[in-house]
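A.B. asks: sharing a model that was predicted from the sequence below.
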Amino acid sequence: MGAAGVQRAAIVTGGASGIGRSTVELLVERGYGVVAVDLTTDNFGWVPEGAPVVPMAGDVTDEGVNSAMVAACMERFGRLDVSVLNAGIPGSGSLETLDMAVLDRCYQLNVRAVALGIRAAIAPMRSVGGGSIVVTASTAGLGGEKGRWPYNTTKAAVLNLVRSASIDLALDRIRVNAICPGPVRSGMTDKHLGTDVGEGLRRMIPMQRWGDPDEVAAAIVFLASPEASFITGVALPVDGGVSAGNGHSLPPQGEGVRG
Ligand SMILES: NC(=O)c1ccc[n+]([C@@H]2O[C@H](COP(=O)([O-])OP(=O)(O)OC[C@H]3O[C@@H](n4cnc5c(N)ncnc54)[C@H](O)[C@@H]3O)[C@@H](O)[C@H]2O)c1
């Protein structure tokens with residue numbers, strides 16, 4: 001048993017909401033201590049009293065925040081086994097006229113911050129004989145979409161960062177994988193639910209429903225766990241079948257029900 005009574009410890013970025021929050025909750029259920037990083041600590045009211053969760057405020061595009069979240073994990077739990085680099089932002093607009101600052105912001109968080117997070121995790125994971133890094137990419141990284149080029153571009157880039165890192169870190173026994181969620185209910189997508197956009201997206205999903213954050217968290221925690229010991233460098237879609245299609249036709253239409 002390590003410091004603070006946990007056997008394994010993890011970091012989750014973007015941990016206050018949506019997929020990050022569900023991942024923190026599932027990791028705690030599986031016995032992990034978790035440092036959960038988000039822009040503020042205001043949205044961590046859901047963390048149960050006494051849970052082995054350290055809410056931390058920080059912008060992960062800042063290299064110092066990446067060092068600080070690792071230091072917080074080492075200080076509170078004495079080790080770092082898993083890093084879930086999940087914080088991300090959308091970006092969209094006209095290719096002709098959109099302010100290029102939108103692309104820069106997407107790059108800073110969706111790609112560069114992930115590189116910083118991987119870099120910060122290497123030494124502490126090495127010190128415990130290995131570890132697992134899981135990056136939240138997107139089905140948006142697997143192909144293009146109308147008007148979403150900053151998001152599509154940066155989510156595609158992070159997939160190749162994951163592949164490259166998995167090769168570089170394989171002999172350190174640090175596995176690096178990505179998940180590619182399709183449309184999932186979260187803080188990022190709430191505004192689409194119940195709208196024509198949301199319904200249009202639903203109709204394109206073979207399972208004919210939006211995903212829930214806990215369904216993505218389950219895939220993240222699987223990739224993070226020793227059960228995935230021979231899996232590295234993959235991009236796992238968690239998307240109700242979206243990436244199975246070639247986009248030439250709508251899937252059979254109906255009401256998808258979570259089973
Ligand atoms: N929801 C979806 O449909 C969907 C689909 C594919 C991929 N994703 C990806 O899932 C990840 C999580 O998003 P979500 O859907 O749970 O959204 P969300 O908005 O509910 O959660 C994202 C969290 O990240 C935090 N965050 C944003 N910028 C940050 C920064 N610079 N530093 C630290 N924290 C920051 C936000 O405050 C928020 O709490 C993102 O990488 C997103 O691109 C989401």
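C.D. replies: Now that the structure is in, tell me what you want to look at.

A.B. asks: what does this protein put close to the ligand?
C.D. replies: The chain has residues 13-14, 16-20, 37-39, 59-61, 86-89, 109, 136, 138, 181, 183-184, 186-189 near the ligand, with proximity defined as CB under 6 Å from any ligand atom. Yep, even glycine has a C-beta here, placed from its N, CA and C like the rest.

A.B. asks: among those, name the ones in strands.
C.D. replies: 13, 37-38, 136, 181 (DSSP state E).

A.B. asks: reformat those as TSV; add pLDDT and neighbour count.
C.D. replies: Below are those laid out as TSV (pLDDT from 0 to 100; neighbours: other CB atoms under 10 Å):
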residue	pLDDT	neighbour count
T13	99	30
V37	99	30
D38	98	23
T136	98	29
P181	98	26
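
A.B. asks: quick check: the farthest pair among the residues you listed?
C.D. replies: V37 and P181 (19.3 Å; CB to CB).

A.B. asks: follow-up on the earlier one: now, the residues of the chain next to the ligand that are in helices?
C.D. replies: Using DSSP state H, the subset of the residues of the chain next to the ligand located in helices is 18-20.

A.B. asks: may I ask which of the residues you listed has the most neighbours?
C.D. replies: I19 (32 neighbours; other CB atoms under 10 Å).

A.B. asks: next, the contact list for that residue, please.
C.D. replies: Taking CB atoms under 8 Å, 6 or more residues apart in numbering, we find I19 in contact with 86, 136, 181, 184, 186, 213, 216-217, 220.

A.B. asks: what's the longest helix in the protein?
C.D. replies: Under DSSP H, the chain gives helix 149-168 as its longest helix.

A.B. asks: list of residues touching that helix?
C.D. replies: Residues outside helix 149-168 that contact it (CB under 8 Å, 6+ apart): 88, 90-93, 95, 98, 102-103, 106-107, 110-111, 114-115, 118, 133, 135, 137-138, 140-145, 175-178, 180, 232-233, 235.

A.B. asks: kindly export stretch 124-138 (C-alpha atoms) in PDB.
C.D. replies: Taking Å, rounded to 0.1, in the frame of the first residue of the first chain, the C-alpha atoms of stretch 124-138 are listed here in PDB:
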ATOM      1  CA  PRO A 124       8.200   9.000 -12.300                       C
ATOM      2  CA  MET A 125       6.700   6.100 -14.300                       C
ATOM      3  CA  ARG A 126      10.200   4.800 -15.000                       C
ATOM      4  CA  SER A 127      10.900   4.900 -11.200                       C
ATOM      5  CA  VAL A 128       8.100   2.400 -10.600                       C
ATOM      6  CA  GLY A 129       9.000   0.200 -13.500                       C
ATOM      7  CA  GLY A 130       6.600   1.500 -16.100                       C
ATOM      8  CA  GLY A 131       3.100   3.000 -16.500                       C
ATOM      9  CA  SER A 132       0.300   3.800 -18.800                       C
ATOM     10  CA  ILE A 133      -0.600   7.000 -20.600                       C
ATOM     11  CA  VAL A 134      -4.000   7.400 -22.200                       C
ATOM     12  CA  VAL A 135      -4.800  10.400 -24.400                       C
ATOM     13  CA  THR A 136      -8.400  11.500 -25.300                       C
ATOM     14  CA  ALA A 137      -8.300  12.100 -29.000                       C
ATOM     15  CA  SER A 138     -11.500  12.000 -31.100                       C
END
